[in-house]
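**Q** Sequence and predicted structure below; questions after.
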Amino acid sequence: GDAAAADAAADEDSRLEQWIQLTVQRLAGDLERLRAEPGERRGRLRQWQRTYHPDKNPGRAHEVLPIFRWVQARWDQEFRTGDGSEMQQSAHGTASRGPAAAAPQGSSSGARPGSRAAAAPGSF
């Protein structure tokens, strides 16, 4: 009856929370490994912005939105100035204000929609 449905919903919520937490931990680990490579970090964050964007995951916004928000917060922390403009990394690794650099394409370890990283919570 109602109790069984409530238990099933709570179990699904728990699995979703676990999937979100594990996904964010994995993404944070990927960024940590790229600590000394700001260009790679920029490209990876841009890739994740596309992968976890709610508009790119129709019907799954409630699943990907927390991850997308985390990715956006990391982007803002690392690549935005106090006035909201983008920062560009120079060849010497120092940040300078200017137009955003194009994100590198073809990074092999990031997830694409429909891949395991963006897979539904019940499929991990």
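**A** Now that the structure is in, tell me what you want to look at. Only a predicted model underlies this, so the values are computations on that prediction, with no experimental measurement involved. Numbering: from 1, shown residues only.
**Q** For residue 79, report the pLDDT, please.
**A** Note for residue 79: predicted pLDDT of 87.
**Q** ok, now residue 1?
**A** So residue 1 comes in at 80 (pLDDT).
**Q** distance of it from residue 48?
**A** Distance of residue 1 to residue 48, given as CB to CB, to the nearest Å: 41 Å. (C-beta placed from N, C-alpha, C; glycine too.)
**Q** More neighbours: those two, which one.
**A** Counting neighbours by other CB atoms under 10 Å for residue 1 and for residue 48 shows that residue 48 has the greater number, 25 against 5.
**Q** any idea which helix or strand carries the more buried one?
**A** helix 38-51 (DSSP states H and E).
**Q** Who are the packing partners of that helix?
**A** Contacts defined by 3 or more CB pairs under 8 Å, 6 or more residues apart in numbering; DSSP states H and E place helix 38-51 against helix 2-33, helix 61-79, strand 87-89.
**Q** Just tell me which of the ones you listed ends up closest to residue 39.
**A** strand 87-89 (6.0 Å; CB to CB).
**Q** Show the average pLDDT along the closest one.
**A** Taken as a whole, strand 87-89 has a mean pLDDT of 53.
**Q** So what angle separates the directions of the helix holding residue 48 and helix 61-79?
**A** 160 degrees (axes from the mean of the first three to the mean of the last three CA atoms, to 10 degrees).
**Q** could we number from 17 for the rest of this?
**A** I'll keep to 17 as the first residue from here, and by that count the last item is helix 54-67.
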